[in-house]
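[1] Provide a 3D model corresponding to the input given below.
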Amino acid sequence: MLRSRPLLVAFAASASLALVLASSVAVAQSGDSDRDGVPDDIENATQRNVVAVAAGDEFNISSRLASAPYEDQFEVFYKAGNFSVIYERAGGGESSYNLEFRNLIEWVDMNGNRSIEPSEIVNVTPLGAAAFGGVPVTKMRMDNADGGVVNVFLVRSRSGDVRLNVTVAERFMRVGSRVLTPMEVKLDLTVNRVFVATNANLGLDLGIDTGDRWAYADRSWDDLNGFAPDDAAISVTGRSANSPARMFFSWSKSAFADGRQIPVTFSSAADGNPNRSELYLAYPMGASQPSVKLVHDPVLGVDSAAYEGIISRQPPLQGDALVYGVSLAAMAVLIAGTIVFANRRRKKREELGRNP
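    Numbers count the residues shown, from 1 in each chain. Reported below is the predicted structural model:
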């Protein structure tokens with residue numbers, strides 16, 4: 001009986017090796033083809049169908065995820081400096097807001113809080129239809145590194161000093177320090193500004209119009225979920241009690257002025273209409289300068305109920321491959337330990353049988 005022990009130990013070692021090899025296969029199967037930090041199996045399960053069309057100074061984006069029983073859709077409509085975002089989730093929840101790029105402003109920080117007060121605005125350059133109306137939108141289409149399609153729209157102002165690169169992808173995609181999710185549309189804002197006022201800072205005056213509830217959040221959905229560090233947001237929540245639809249307009253709390261990183265601060269003001277508000281993104285320069293090239297990265301997005309439902313599932317060989325591999329290795333150790341323990345108990349019983 002004791003001669004079977006090497007065989008049992010060998011079996012335990014083989015089982016351990018087999019399970020560890022299985023875990024390695026699971027890691028390899030999951031993979032991360034485009035190195036964006038999101039496993040390929042998650043990207044495959046959450047890839048959206050996107051239809052993107054441009055005509056004149058307008059473009060439309062429709063993004064849908066349907067993976068039974070999870071389903072939702074969001075749409076972005078753009079015309080001449082105005083964005084309308086609509087989100088519908090399964091179960092009837094819906095939310096929407098309109099976001100207008102109203103004015104490019106110069107302001108002087110009189111109270112030193114690095115945020116814009118209406119009384120501190122010293123120069124206003126209209127945006128909206130005045131700057132973007134009639135300017136054709138250029139559309140480009142490309143393939144993502146690990147599958148899926150990326151659509152990019154180039155929007156320019158009449159004078160050419162304000163530009164938006166609008167990007168939507170069917171899968172996750174790393175863009176700088178941010179991982180752009182398929183539930184978002186990224187607005188890369190570039191402003192080339194020669195200041196009119198002295199000692200002025202640059203600011204962006206936005207208008208939000210929604211019948212839903214909105215609130216400022218110091219940490220965005222992307223920040224909370226590890227897709228964008230140091231991100232703030234305006235969150236918009238639909239009024240459905242059973243399945244509220246949630247959306248957001250978010251931005252990095254830092255921008256680049258002539259290649260130098262500067263802070264971005266937020267403030268708001270009432271518009272006189274209960275559904276409308278003024279939103280100010282401030283870019284304090286810290287020192288007077290005659291001109292600046294500013295680069296910032298706002299995002300339009302939705303808190304996708306379908307995405308949350310899919311990643312909360314736990315099907316075989318899906319999810320975090322590292323955790324899966326560690327679990328398998330632990331199982332292997334447990335099997336080996338159980339076999340050795342059983343062998344010792346068997347040996348002890350044999351010795352007791354020989355010595356009654």
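[2] okay, CA-based contacts and neighbour counts for the rest of this
    OK.
[3] residue contacts, the nearest residue in space to residue 108 that is not next to it in sequence?
    Once flanking residues are discounted, residue 108 sits nearest to residue 200: 4.9 Å by CA to CA, 6 or more residues apart in numbering. Residues near residue 200 by CA atoms under 8 Å, 6 or more residues apart in numbering: 106, 107, 108, 109, 288.
[4] JSON lines for those residues, including secondary structure?
    Formatted as JSON lines, the contacts of residue 200 follow (DSSP: H, G, I helix; E, B strand; the rest coil):
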{"residue": "106", "secondary structure": "strand"}
{"residue": "107", "secondary structure": "strand"}
{"residue": "108", "secondary structure": "coil"}
{"residue": "109", "secondary structure": "coil"}
{"residue": "288", "secondary structure": "coil"}
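[5] where exactly do the strands run in the stretch 151-300 of the chain?
    162-169, 173-175, 178-180, 184-194, 201-209, 213-217, 231-237, 246-252, 254-257, 260-263, 265-270, 276-283, 291-296, 299-303 (DSSP state E, counting those that start in this stretch).
[6] tell me which of the ones you listed is the most buried.
    Comparing the strands of the stretch 151-300 of the chain by mean neighbour count (mean count of other CA atoms under 10 Å), strand 246-252 ranks first with a mean of 25.
[7] what is the mean pLDDT for that one?
    The average of the pLDDT scores along strand 246-252 is 97.
[8] ok, residue 159 - how many residues close by?
    9 (other CA atoms under 10 Å).
[9] quick check: closest non-adjacent residue to it.
    residue 131 (7.4 Å).
[10] try residue 138
    Nearest to residue 138 is residue 154, by CA to CA, 6+ apart, at 5.0 Å.
[11] the one you found: what's it in contact with?
    Residue 154 neighbours (CA under 8 Å, 6+ apart): 137, 138, 139, 163, 164, 165, 166.
[12] can you pull the pLDDT of it?
    pLDDT, residue 154: 98.
[13] swap in residue 93?
    Per-residue pLDDT puts residue 93 at 89.
[14] report the contact partners of the residue nearest to residue 159.
    Residue 131 neighbours (CA under 8 Å, 6+ apart): 80, 81, 157, 158, 159.
[15] just the terminal-to-terminal distance for stretch 280-291.
    With CA to CA, to the nearest Å applied, stretch 280-291 spans 20 Å between its terminal residues.
[16] pull the residues that contact that stretch.
    Applying CA under 8 Å, 6+ apart, the set of residues contacting stretch 280-291 from outside is 114-116, 192-195, 198-206, 255, 257, 262-268.
[17] pLDDT below threshold where in the protein?
    1-30, 314-356 (pLDDT under 70).
[18] which of the residues in the host helix or strand of residue 88 are buried?
    Assessed by DSSP states H and E, residue 88 sits inside strand 82-89. Going by neighbour count (16 or more other CA atoms under 10 Å), the buried part of strand 82-89 is 82, 83, 84, 85, 86, 87, 88, 89.
[19] so residue 184 sits right up against residue 170, yeah?
    No: between residue 184 and residue 170 there is no contact under CA atoms under 8 Å: 9.6 Å.
[20] how much space between the closest residue to residue 51 other than its chain neighbours and residue 311?
    In this structure, residue 51 finds its nearest non-sequential neighbour in residue 62, 5.2 Å apart by CA to CA, 6+ apart. Distance, residue 62 to residue 311, using CA to CA: 22 Å.
[21] who's more crowded, those two?
    Between residue 62 and residue 311, counting by other CA under 10 Å, residue 62 is the more crowded of the two (17 against 14).
[22] right, and the more buried one touches residue 84 too?
    No: taking contacts as CA under 8 Å, residue 62 lies outside contact range of residue 84: 11.8 Å.
[23] mind listing the shared neighbours of these two?
    75, 76.
[24] turn the buried residues of strand 82-89 into CSV, including distance to residue 146.
    Shown next, in CSV, are those (distance: CA to CA, whole Å):
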residue, distance to residue 146
82, 32
83, 29
84, 30
85, 27
86, 28
87, 27
88, 28
89, 27
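[25] how many residues are close by residue 241?
    Neighbours of residue 241 using other CA under 10 Å come to 8.
[26] look up phi and psi at it.
    phi -70, psi -30 (degrees, to the nearest 10).
[27] circling back: out of the contacts of residue 131, which end up buried?
    80, 81, 157, 158.
[28] what's across from the residue nearest to residue 138 in the sheet?
    Bridge pairing for residue 154 (DSSP bridges) gives the partners residue 138, residue 165.
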